[in-house]
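Student: dropping a prediction and its sequence here:
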Number of protein chains: 2
Amino acid sequence: MTELKIDITLASSRKQKPDFDHLEFGKNFTDHMFIVDYTEGQGWHDARIVPYQPLTLDPASMVFHYGQTVFEGLKAYLTKDNEVLLFRPDMNMKRLNRSNDRLCIPKVDEELALSALKQLINVDREWVPTSEGTSLYIRPFIIATEPYLGVSPSKRYKFIIILSPVGAYYKEGINPVKIAVEREYVRATIGGTGNAKTAGNYAGSLKAQEVAEKDGYSQVLWLDGRENKYIEEVGSMNIFFKINGEVVTPILNGSILEGVTRDSILQLLKYWNIPVSERRLSMEDLYQAYKDGQLEEAFGTGTAAVISPVGELAWQGEKMVINNGQTGELAKKLYDTLTGIQLGTEPDPFGWTVKVAKQESANLL
Amino acid sequence: MTELKIDITLASSRKQKPDFDHLEFGKNFTDHMFIVDYTEGQGWHDARIVPYQPLTLDPASMVFHYGQTVFEGLKAYLTKDNEVLLFRPDMNMKRLNRSNDRLCIPKVDEELALSALKQLINVDREWVPTSEGTSLYIRPFIIATEPYLGVSPSKRYKFIIILSPVGAYYKEGINPVKIAVEREYVRATIGGTGNAKTAGNYAGSLKAQEVAEKDGYSQVLWLDGRENKYIEEVGSMNIFFKINGEVVTPILNGSILEGVTRDSILQLLKYWNIPVSERRLSMEDLYQAYKDGQLEEAFGTGTAAVISPVGELAWQGEKMVINNGQTGELAKKLYDTLTGIQLGTEPDPFGWTVKVAKQESANLL
């Protein structure tokens, strides 16, 4: 691994920090950001940490027109010993490169990207919030910046990391949410971009979410794009069901995002010897399990919310109330264990957490 | 219709114009651009024409992360009488609003948008190129600018129009191109965003195009996302086939873009009493027609290229050579007629062209 020389320009004054007890998701940003540029023929160059500032981009920049962009989302947590922990950041960097491949964006060096991320966190270390349930949300993203209106991969990119101290993603907290099964709109299909973390997947999902909210639901449950039959994701999360003692999640089929939380839950369940299965699951089979009294729990999983229990599923005029609309025992146990590992209060048998040492870079000394 | 008061700030100096005889597509931009902002609760406000300049956007702007953006593409032509003609611009504005609806972006007033477009063209009138085959490409687009990392519709937007003098879209000109039928990747599916003109559709298409180019093809022919069986589009164009005297194009099914050129061709063919059919067409049926010697022509249609003949289709190891790899008679006639109407050298029985009067706005006097 080559060393990454990052130029650091510190902000001349620091922003007032928001109230860490009342943080909203993704609305406050720290004092600094990381940027590195890509130019065809030259590769990634000019890595720098600079004061958080607007981007100056030609209006013909390809990201605005053809959406060539990918992103990641992960979190840093402050332990009671004042250590900053990252949760499986290598998984995010690997997925970033898988997304890059699908979107024809040049790959990044995963170790260098992680090193840059750690250095940025160190510069803004006092922004890692301290209140319960809070964390520092980390958003790496890459955008195509060549000013060109032809449809082809860009010859220039910016890889940027911004940081945002956050509270819970859902205002409801870990309370169960009501979900509508989506019948009209489709999030992704096999051969599309569903398993890449790219902007277009999210843009396309807004309409269904808007309709669901008008009908009193928090999110939609997405079915597959081919047959509108098999369960894929919930909102922008992976989905799990506990059916007759077995935990089931849709198998990664190419149109489902490979969630880091999803993977962690699968590993935890196996570790606990709880029966678990990744398989194709139709909405009809799920409904049958519900009618048979075997649908014990349902919950979404993702970095932002960690675990989001589903209390009610609306499908074809039927309201399926799950676990009396309460948070299930397993969802609660998974939430407590995962957030405990992330915060360093629970044992970490898998070595998932990565410490951000106070001197990550000689640059900072 | 309310009058649109556009604030105009002229550039203090004008750029050197590119050589109009050797224009590349979408690489040069004129001296000015149009911008209007949207703020929730306030609507669209602060319409202005300003010198072409970079956009200054918060790195958390939602367009970078969740791709909430739509665009249009249309062209202005200079007639031999020094008139500037637009081609069916009302169709583009209507489609822009249909795209807005799908992407949860607030609608624009179509007449006001068209008026803004005309005023902008007038300011940069000398940029409408004069050489044969050239035109002024017009790119209206809307981007979500709220700095927020939650997945929901933005509360702020910018609607921008930029202009680019262009030559032919394909370096090959109207010469036939070789196309590979895509088997792995999917452009869009029913319930997705395929019939909206939005960035994600284009981002997702790059990979297939890249693979096809490596194999020596210019573009791919997209099949449907449900069964990978029915023909949808070619590259970023609609597709037409002439089969045994009848012209066939895939019916608008919700995942195919409603092309303005597509619609114009359908109208022209009916006007000429040429049998035409919008219907579902499977790749197998097309291959059968080819084997039976009935596949007479194939061509893509779109604003950028107008007509792009297909000389060869590669499918399942088979190379289908169409019309001996030559431009078909019908494709040529459609190209000549359409570009003739656009340039004002052919009669315009449908009233498709719209003149940009030299005094579009009192603002300019």
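Tutor: It's in.

Student: can you give me the strands for the stretch 151-300 of chain A?
Tutor: Secondary structure of the stretch 151-300 of chain A (DSSP state E, counting those that start in this stretch): strands located at A:156-166, A:177-181, A:219-223, A:231-234, A:238-243, A:246-249, A:276-278, A:295-302.

Student: ok, the residue of the stretch 101-250 of chain A found nearest chain B - contacts?
Tutor: Distance from chain B to each residue of the stretch 101-250 of chain A (CB to the nearest CB) is smallest for residue A:200, at 1.8 Å. Where C-beta positions appear, they are placed from N, C-alpha and C, glycine not excepted. Going by CB atoms under 8 Å, 6 or more residues apart in numbering or on different chains, residue A:200 touches A:67, A:193, B:67, B:193, B:198, B:199, B:200, B:201, B:203, B:204.

Student: and the strands of the stretch 151-300 of chain A: which comes nearest residue B:255?
Tutor: Residue B:255 lies closest to strand A:219-223 among those, at 16.1 Å (CB to CB).

Student: which one is residue A:110 nearest to, not counting chain neighbours?
Tutor: Residue nearest to residue A:110 in three dimensions, not counting chain neighbours: residue A:93, with 3.9 Å by CB to CB, 6 or more residues apart in numbering or on different chains.

Student: mind checking what helix or strand follows the host helix or strand of the one you found in sequence?
Tutor: Residue A:93 belongs to helix A:89-102 when assigned by DSSP states H and E. Downstream of helix A:89-102, the first helix or strand assigned by DSSP H and E is helix A:110-123.

Student: and that next one, what does it pack onto?
Tutor: strand A:32-39, strand A:43-51, strand A:84-87, helix A:89-102, strand A:135-144, strand A:156-166, strand A:353-356 (3 or more CB pairs under 8 Å, 6 or more residues apart in numbering or on different chains; DSSP states H and E).

Student: rewinding a little: burial of the residue nearest to residue A:110, as a residue count?
Tutor: When neighbours are defined as other CB atoms under 10 Å in any protein chain shown, residue A:93 has 20 of them.

Student: quick check: it vs chain B, distance?
Tutor: To chain B, residue A:93 is 18 Å away according to CB to the nearest CB, to the nearest Å.

Student: repeat for residue A:295
Tutor: 26 Å.

Student: just residue A:77 next, same as before
Tutor: Distance from residue A:77 to chain B, by CB to the nearest CB: 18 Å.

Student: so that residue sits in a strand?
Tutor: Yes - the assignment for residue A:77, made by DSSP: H, G, I helix; E, B strand; the rest coil, places it in a strand.

Student: show me the contacts for it.
Tutor: By CB under 8 Å, 6+ apart, the contact list for residue A:77 reads A:84, A:85, A:87, A:128, A:135, A:136, A:342, A:343, A:344.

Student: over to residue A:185?
Tutor: Contacts of residue A:185 by CB under 8 Å, 6+ apart are A:204, A:205, A:207, A:208, A:211, A:220, B:191, B:192.

Student: swap in residue A:166?
Tutor: Residue A:166 neighbours (CB under 8 Å, 6+ apart): A:23, A:24, A:25, A:26, A:75, A:129, A:134, A:135, A:136, A:137, A:304.

Student: who wins for neighbours among the residues you listed?
Tutor: Sorting these by how many neighbours each has (other CB under 10 Å) puts residue A:135 first, at 27 neighbours.

Student: give me the nearest residue to that one, chain neighbours excluded.
Tutor: What sits nearest to residue A:135 in space, not counting adjacent residues and going by CB to CB, 6+ apart, is residue A:75, at 4.2 Å.

Student: narrow the contacts of residue A:185 to those in helices?
Tutor: The helices, defined by DSSP state H, take in A:204, A:205, A:207, A:208, A:211 from the contacts of residue A:185.

Student: how about CSV for the residues you listed, with pLDDT added?
Tutor: Below are those laid out as CSV (pLDDT from 0 to 100):
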residue, pLDDT
A:204, 97
A:205, 98
A:207, 98
A:208, 98
A:211, 96
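
Student: pull the number of nearby residues for residue A:322.
Tutor: Residue A:322 has 22 neighbours, counted by other CB under 10 Å.

Student: contact partners for the closest residue to it other than its chain neighbours?
Tutor: Closest residue in space to residue A:322, ignoring its immediate chain neighbours: residue A:298 at 5.0 Å, by CB to CB, 6+ apart. Neighbouring residues of residue A:298 by CB under 8 Å, 6+ apart: A:239, A:240, A:241, A:242, A:309, A:310, A:313, A:322, A:328.

Student: spell out which parts of the stretch 1-150 of chain A neighbour chain B.
Tutor: A:25-27, A:29, A:33, A:52-60, A:63-69, A:71, A:73, A:102-104, A:137, A:139, A:141, A:143, A:147-150 (CB under 8 Å from any CB of the partner chain).

Student: which residue of chain A lies farthest from its centroid?
Tutor: Largest separation from the mean C-alpha position in chain A: residue A:292, at 33.9 Å (CA atoms, centre = their mean).

Student: do you know the pLDDT at the residue of the stretch 101-250 of chain A closest to chain B?
Tutor: Looking at residue A:200, its pLDDT stands at 98.

Student: now it: closest residue in space, sequence neighbours ignored.
Tutor: Nearest to residue A:200 is residue B:200, by CB to CB, 6+ apart, at 1.8 Å.

Student: separation between the one you found and residue B:122?
Tutor: The gap separating residue B:200 from residue B:122 is 33 Å, by CB to CB, to the nearest Å.
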